[in-house]
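Asks: please find the sequence and the predicted model below.
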Amino acid sequence: MTGLRKTAESPVELLVYYPALIYFDRYTVITTNTIQTILIAAAVMLVVSVILIPKPLCSIWVAFAICSVMIGVMGFMSLWGVSLDSISMINLVMCISFSINFMAHVSYSFVSSPKPDVKGVEALAHLGNPILQGASSTIIGVMVLSVSRSYIFRVFFKIVFLVIVLGVLHGLVFVPVFLTIFGACGKKH
């Protein structure tokens, strides 16, 4: 597309139109727009989590986990045959809210735990089962989309499935481990 534009540059004003060029043009900017939109959404989620989670360091871990989930989803998208287009971009940005749901709750429960030695265990004891139930019900709810013939529904299922699985993995395994290892997120007693 950019090569055609360079070829069309001339001192004479030239207008090239072909209906399919509208669709080709979006592929020239989709990668940069996706990265920019995901980073903006992650920054907004960081600001919201800094406001709602009492310890800013815990909010930073949540933001790192969100970025890790999104990178994992994009990696598995390529393995699963989902190309980056406007449909997958919209689904990726929308699914950021799914991934923060697990991690922010675990992080807040970790921070607000009154028991300094077992914060991770207590956070998982309170939220492990509800997080697994929510993830399971979401996957069951979108499972019917996996057999659809529509490209939009199949892409939606694949991305939501990946975000839920990786979000639960990060929320129940990685975030509690990082918060426990780097104990600066707990209240001092």
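Replies: Received, thanks. All values reported here derive from a predicted model rather than from experimental measurement.
Asks: alpha carbons only: can I get stretch 124-132 in CSV?
Replies: Only the C-alpha atoms of stretch 124-132 are listed here, as CSV (Å, rounded to 0.1, in the frame of the first residue of the first chain):
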residue,chain,number,x,y,z
LEU,A,124,-6.5,-17.3,47.4
ALA,A,125,-8.7,-18.9,50.1
HIS,A,126,-11.1,-16.0,49.8
LEU,A,127,-11.0,-15.4,46.0
GLY,A,128,-9.7,-18.6,44.4
ASN,A,129,-13.1,-20.4,44.2
PRO,A,130,-15.1,-17.3,43.0
ILE,A,131,-12.4,-16.6,40.4
LEU,A,132,-12.5,-20.1,39.1
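Asks: all further residue positions should be reported with the first residue as 825.
Replies: Will do, 825 is the new start, and the previous item becomes stretch 948-956.
Asks: contacts for it next, please.
Replies: Stretch 948-956 has contacts (Cβ atoms under 8 Å, 6 or more residues apart in numbering) with 926, 929-930, 933, 992, 995-996, 1000. Quick note: C-beta positions are derived from backbone N, CA and C, even for glycine.
Asks: which stretches in this structure count as helices?
Replies: 826-832, 845-876, 880-903, 910-936, 943-967, 975-993, 999-1005 (DSSP state H).
Asks: and the second one, which residues are buried?
Replies: Taking 16 or more other Cβ atoms under 10 Å as the basis for neighbour counts, the residues of helix 845-876 that come out buried are 854, 858, 862, 865-866, 869-870, 873-874.
Asks: please apply the same query to stretch 935-951.
Replies: Quick answer for stretch 935-951 (16+ other Cβ under 10 Å): 935-937, 943-944, 946-948, 950-951.
Asks: which of those sits closest to E833?
Replies: Nearest to E833 among these is V935, at 57.4 Å by Cβ to Cβ.
Asks: from A959, how far out is V966?
Replies: According to Cβ to Cβ, to the nearest Å, V966 stands 11 Å off from A959.
Asks: turn the buried residues of helix 845-876 into CSV, columns for pLDDT.
Replies: Shown next, in CSV, are those (pLDDT from 0 to 100):
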residue, pLDDT
I854, 86
T858, 89
I862, 86
A865, 88
A866, 85
M869, 88
L870, 87
S873, 87
V874, 88
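Asks: greatest separation within those residues: which pair is it?
Replies: Going by Cβ to Cβ, the pair spanning those furthest: I854 and V874, at 30.1 Å.
Asks: run through the protein and note the low-pLDDT ranges.
Replies: 825-826, 828-829, 831-832, 834, 838, 840, 1007-1013 (pLDDT under 70).
Asks: surely L990 meets I920?
Replies: No. Counting by Cβ atoms under 8 Å, L990 stays clear of I920, with 11.9 Å between them.
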